[in-house]
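Q: from the sequence below, what's the structure:
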Amino acid sequence: MRVIIGLVFFIGFLGVCNAKCLFMPLVTAEIEFEQCQGVKFDASKSKIDWFPGKPEYIQQQGETIVGTLIVGKIKSSGFEQKKSGYKTPSSWRKGSIKTLFIERDSQEICPEVFPGTYRVKQSERCCDVLPFSGECLVPSTISVVEIMKSTR
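A: Predicted structure coming up:
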């Protein structure tokens, strides 16, 4: 009986809970752009079987995100908030090669920014609710950024 009451309470509690991302401080970096090309990410047909016999799609079917991939070399980096208490992630260290995604058309952005050195800021990306859509279609190994300004 306790198990049934506990299960009913737990299921009822799930209905009022909202998922929330905990954001770490955002990285800003000065990056020398080396490559620029258009890209389109489509939702995969991957499913997850949370409850036996009822698989759900991991990504929102029919969703796409179009933008530009830029590969560049990091000249400097740090956090937007100076006193964050965190260490800059190793993937953002000076001299590292980084792949970035910018949600702008490559026909517009590549001639405008390539070649050059720019300051970029990491976007807040919250991907803790299934099915994924929008920026969450971009593989997690690619940083979603916004261009702040030229440092040419």
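Q: going forward, measure contacts and count neighbours with C-alpha atoms only.
A: Fine.
Q: got any ranges where this protein has weak pLDDT?
A: Applying pLDDT under 70 to the chain picks out residues 1-20, 22-23, 81-85, 151-152.
Q: what segments of it are helices?
A: For the chain, the helices defined by DSSP state H occupy 2-14, 106-113.
Q: which ones are touching the nearest residue to residue 138 once chain neighbours are set aside?
A: Leaving aside its chain neighbours, residue 138 sits nearest to residue 41 (6.4 Å; criterion: Cα to Cα, 6 or more residues apart in numbering). Residue 41 sits next to 64, 65, 66, 137, 138 when contact means Cα atoms under 8 Å, 6 or more residues apart in numbering.
Q: so can I have a markdown table of these showing distance to residue 109 and neighbour count?
A: Compiled in a markdown table, the contacts of residue 41 are given as follows (distance: Cα to Cα, whole Å; neighbours: other Cα atoms under 10 Å):
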| residue | distance to residue 109 | neighbour count |
| --- | --- | --- |
| 64 | 19 | 17 |
| 65 | 16 | 17 |
| 66 | 13 | 19 |
| 137 | 21 | 21 |
| 138 | 18 | 21 |
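Q: so which of those residues are in strands?
A: 64, 65, 66 (DSSP state E).
Q: any chance of these in JSON lines, with distance to residue 133 too?
A: Output for those, formatted as JSON lines (distance: Cα to Cα, whole Å):
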{"residue": "64", "distance to residue 133": "8"}
{"residue": "65", "distance to residue 133": "8"}
{"residue": "66", "distance to residue 133": "12"}
